[in-house]
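**Student:** Below are the sequence and a predicted model; questions follow.
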Amino acid sequence: MRNNMGLVYTNENCVACNKCISACPVIGANRAVALEDGGMRIEVDGNACIACGACFDACQHEARSYQDDTEQFFEDLKKGEKISLLVAPAFMANYPDEYEKYLGILKTAGVNRIISISFGADITTWAYLNYITSHHFLGGISQPCPAVVRYIEKYIPELLPYLMPVHSPMMCGAIYTRKEMGVTDKLAFISPCIAKKNEIDDPNCKGYVSYNVTFNHMVQYIKEHHLTGRMLAKDEIEYGLGSIYPTPGGLKENVYWFLGDDIFIRQAEGEKHMYEYLHSYLDRIKAKKSLPFMVDALNCSSGCLYGTGVEESRAVGDDTLMNLQKIREDSIRKKGAWGKNLPPKKRLAAFNAQFKNLKLEDYIRHYTDKSGDVGLKEPTAGELHAIFEAMEKKTEEKQQIDCSACGYEGCRTMAKAIYNGVNCKENCVHYAKDVALYETEVARKLTEEINSQNEDKLKQAERISEVIAGVADDFTAIRNSLAELSGGNDGNARESTEIAADMQNINNFSQEILKAFQQINEFLVKIESNNAAITDIAAQTNLLSLNASIEAARAGEAGKGFAVVATEIKSLSESSESAAHDTTENSDEIKRFMENLMEQANTLSGLVRQVDERVDTLAAATQEMSASTRVVEDMSN
């Protein structure tokens, strides 16, 4: 996953620690991106990135990678493309023992000519001095560093008139190779710098150079592909103090060499300090304060010696610096402009004589204001307030925590980044903490509520069980009483005809009870959504009880026992109705008990049929029936 991928990009090692955001001089070049799994990732916006390499130094997880032209360079060599090399002066300082071996390997691979850019740096110094004197250009910012140039073009275009309008050593060497040496090959720059690719591709550099081949990737490619050389090789052109350009203050030392050290040249470098200084330099210009004679500006704190495209192992220790110092001493022991014993004026005269055939206009560089497609918008006070509200930073105190865990210097910068879509509130550690605390409290209350509900449900279940058990006991008592009634009716033929008719009514009533229980059982399945239906069924049962009472009353003395039964059924319906209101979440257990009740109702119906069959013996059992009726009455009290 890459967001507008440029030279520098995020690889799969990213853990979103935000250190790259903190180190980067450009707010918005590193974007916090929320992932589908809920994680976070910091992506590089290639359009905003200046390829300064600060994120490489800051990241402990090796989550940043970069691309250059190394693979394409070797592929084109294999195809037979005619390619000549421009070699950065830092290459010899970093690989003094392997310098000729590596150049020999490249020669064997098909490289044509090899030009040291130390010579190009000498041309840059010559062009600087001539442009300053001929145009009275004081206070200019040097431009060998493409990261610095890109930053000014994108983020401080007000400083474009102060950028030295002279090409970098790489470009001066390329122009010289083309115009003075007549080389028509494609040119590849053996480079310590990732950002050189931006300079190579800039239309203002007119395509003089085709490949940016960084030290790191080139050496890695040679080792991985086991390339070897049939010879040792050297660069072709002798050079002077241009060899020390890669060191911090290298340009400054060159200018002092020819103009003397009584002028003030401001030296500035470092991935963070450099860009902070540029803004303070702009403030100085706006305040119309005096400016230094020149600013020697480099992105990397150790200069190009330990550039962004150099192997990390080379940046440890002082070996590279000591190698470069040896190269410097060799340069100033030479005669001519580099003569150690000459005063600055004579050195300058000899220097100009060395390059008298060159045309200054060939080495003039133009710049482009590229600020239109980058930069962050400022939120209004209302928009900023809304962002802080969303971040749960509702007090002035919370809006000024400024812990920098998000990578920015303060909460307001984070809010600005969120407003511009380059970060999100979830990347604020205090927002995440507040959300976690809130969710923890919600979970705690929910747990307490669930526990309380479970306790209530348990109590309800216990009450329902008691009610159902009571109903079952009532049915048992009714069944026993009716059994006694059935067994005690041996006589009374005189009343048999009337009682037979009444028994038919009771039998019908029993069937209705059974149907009512069946309906109750069906409604229990839907009890969670339609509990009111159970109450209606209970009302129907109550009505049946009333009808039974009426029928018993019509039967006279013979129907007293059934009046008691009707009363008990009414009591049963009231109990069922009361239970129905408490059983919404316990319908399964109620259903089991109701099934038992249905069995009891079936038993009741059978008994009624038996009574009907034995109605001829009813008269003889009047006394026993009266006794049984008293049992039922006692039970209902």
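**Tutor:** Thanks, I have it. It should be emphasised that the depicted structure is a prediction, and the values quoted were computed from it without experimental measurement.

**Student:** and residue 170, what is it in contact with?
**Tutor:** By C-beta atoms under 8 Å, 6 or more residues apart in numbering, residue 170 lies in contact with 86, 88, 117, 120, 189, 191, 196, 199, 209. In short, each C-beta sits where N, CA and C put it, glycine included.

**Student:** go on, residue 102?
**Tutor:** Residues in contact with residue 102 (C-beta under 8 Å, 6+ apart) are 95, 218-219, 222, 229.

**Student:** so which strand or helix has it?
**Tutor:** helix 99-109 (DSSP states H and E).

**Student:** Can I get that helix in PDB, CA atoms only?
**Tutor:** Provided in PDB are the C-alpha atoms of helix 99-109 (Å, rounded to 0.1, in the frame of the first residue of the first chain):
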ATOM      1  CA  TYR A  99      37.300   2.700  -5.900                       C
ATOM      2  CA  GLU A 100      39.300   1.500  -8.900                       C
ATOM      3  CA  LYS A 101      37.900  -2.100  -8.500                       C
ATOM      4  CA  TYR A 102      34.300  -0.900  -8.700                       C
ATOM      5  CA  LEU A 103      35.000   1.400 -11.600                       C
ATOM      6  CA  GLY A 104      36.700  -1.500 -13.300                       C
ATOM      7  CA  ILE A 105      33.600  -3.700 -12.800                       C
ATOM      8  CA  LEU A 106      31.400  -1.000 -14.300                       C
ATOM      9  CA  LYS A 107      33.900  -0.800 -17.300                       C
ATOM     10  CA  THR A 108      33.600  -4.500 -17.700                       C
ATOM     11  CA  ALA A 109      29.800  -4.200 -17.600                       C
END
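
**Student:** what's the average pLDDT for that helix?
**Tutor:** For helix 99-109, mean pLDDT is 96.

**Student:** Parallel or antiparallel, list what pairs with the helix or strand just after that helix.
**Tutor:** Per DSSP H and E, the first helix or strand lying C-terminal to helix 99-109 is strand 114-116. According to DSSP bridges, strand 114-116 forms sheet pairs with strand 83-87 (parallel).

**Student:** so after the partner strand, what's the next helix or strand?
**Tutor:** Next helix or strand after strand 83-87 toward the C-terminus (DSSP H and E): helix 89-94.

**Student:** before we move on, back to that, identify those among the contacts of residue 102 that sit within helices.
**Tutor:** Residues of the contacts of residue 102 located in helices (DSSP state H): 218-219, 222.

**Student:** Out of those residues, flag the one nearest to residue 375.
**Tutor:** Among the ones in helices among the contacts of residue 102, residue 218 lies closest to residue 375 (C-beta to C-beta), at 34.9 Å.

**Student:** Check the burial of the closest one by counting its neighbours.
**Tutor:** When neighbours are defined as other C-beta atoms under 10 Å, residue 218 has 23 of them.

**Student:** In which helix or strand does residue 190 reside?
**Tutor:** Assigned by DSSP H and E, residue 190 falls in strand 186-191.

**Student:** could I get that strand in PDB with only the CA atoms?
**Tutor:** Coordinates of each C-alpha in strand 186-191 appear next as PDB, following Å, rounded to 0.1, in the frame of the first residue of the first chain:
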ATOM      1  CA  LYS A 186      23.800   8.600 -21.900                       C
ATOM      2  CA  LEU A 187      25.100   9.800 -18.600                       C
ATOM      3  CA  ALA A 188      24.700   8.000 -15.300                       C
ATOM      4  CA  PHE A 189      25.500   9.700 -12.000                       C
ATOM      5  CA  ILE A 190      27.200   7.500  -9.300                       C
ATOM      6  CA  SER A 191      25.500   9.300  -6.500                       C
END
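
**Student:** Starting from it, tell me which strands it pairs with and how they run.
**Tutor:** Counting by DSSP bridges, the strands paired with strand 186-191 are strand 83-87 (parallel), strand 211-214 (parallel).
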